[in-house]
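In: Got a predicted model here, sequence first, then my questions.
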Amino acid sequence: MKSIKLNNGIKMPMVGFGVFQVSDEETENAVLEALKIGYRLLDTAAVYGNEAGVGRAIKASAIPREEIFVTTKLWIQRENGYENTKKALEDSLNRLGLDYVDLYLMHQPFDDVNEQWRAMEDLYKAGKAREIGVSNFHMDRLMDLITCHKIVPAVNQIETYPFYQCEAEIAFHKELGVVQQA
């Protein structure tokens, strides 16, 4: 599987298996099959309600943890901010049955993104997330985040596909050292 180097030097597989809109019960089997055929990037989110299924599949696969790249996402919370962002990742780690995730994304640019990002920077420094990034951030919101913080997001996961290639966003991300993930 080909990989891409993120801005802190870690490698992320170029192709991944996402579990959006898959029930927790179906997720375990689907992810286990995906791992069997060679997928090594798994993408889930707290709001998907299936992190536990992803974790069960990882455990059942018997593939060494360091060979699987796990992404999950921070959802918009009723009471977000610094402490709740840290708790949200701990809750995700508990559901996944993991000590760390490879990539932790802020799912949407809503509420107090600055306090959330500050917490995510600290989670990164503590080794709870090997890399941090964002999802669904337009260029102006991404630039605002970068100018206010020390760590540049490694990834911006946005809608991208063959008939919607987002060429301006690709150039913008490349200039900043941010990987655009479809």
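Out: Yep, that arrived. Quantities reported herein were computed from a predicted structural model and do not represent experimental measurements.
In: Contacts for the longest helix along the chain, please.
Out: For the chain, the helix reaching the highest residue count under DSSP state H is reported as helix 82-96. Applying Cβ atoms under 8 Å, 6 or more residues apart in numbering, the contact partners of helix 82-96 are 44, 46, 51-52, 54-55, 58, 70, 72, 74-75, 77, 99-101, 104, 115-116, 118-120, 122-123, 128-129. No exception for glycine: its C-beta is placed from N, CA and C like everyone else's.
In: Using ChimeraX, define a selection of the buried residues within those residues.
Out: In ChimeraX, a selection of the buried entries from the contacts of helix 82-96 looks like this (16 or more other Cβ atoms under 10 Å):
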select :44,46,51,52,54,55,58,70,72,74,75,77,100,101,104,116,118,119,120,122,123,128,129
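In: ranges for the helices of this protein?
Out: Using DSSP H, helices in the chain cover 24-36, 51-61, 82-96, 113-125, 139-148, 167-176.
In: Determine the number of other residues adjacent to Leu176.
Out: When neighbours are counted by other Cβ atoms under 10 Å, Leu176 registers 16.
In: where's it relative to Ala129, distance?
Out: Distance of Leu176 to Ala129, computed by Cβ to Cβ, to the nearest Å: 19 Å.
In: Ok, Val15 next?
Out: For Val15, the distance to Ala129 - Cβ to Cβ - is 21 Å.
In: Show me what the top strand by length along the chain pairs with in its sheet, parallel or antiparallel.
Out: Counting by DSSP state E, the longest strand found in the chain is strand 69-74. When pairing is defined by DSSP bridges, strand 69-74 lines up against strand 41-43 (parallel), strand 103-106 (parallel).
In: Mean neighbour count, these: which tops it?
Out: Mean neighbour count (mean count of other Cβ atoms under 10 Å) peaks for strand 103-106 among the strands paired with strand 69-74, with a mean of 27.
In: Might you list the low-confidence residue ranges for this structure?
Out: Low-confidence segments of the chain (pLDDT under 70): 77-79.
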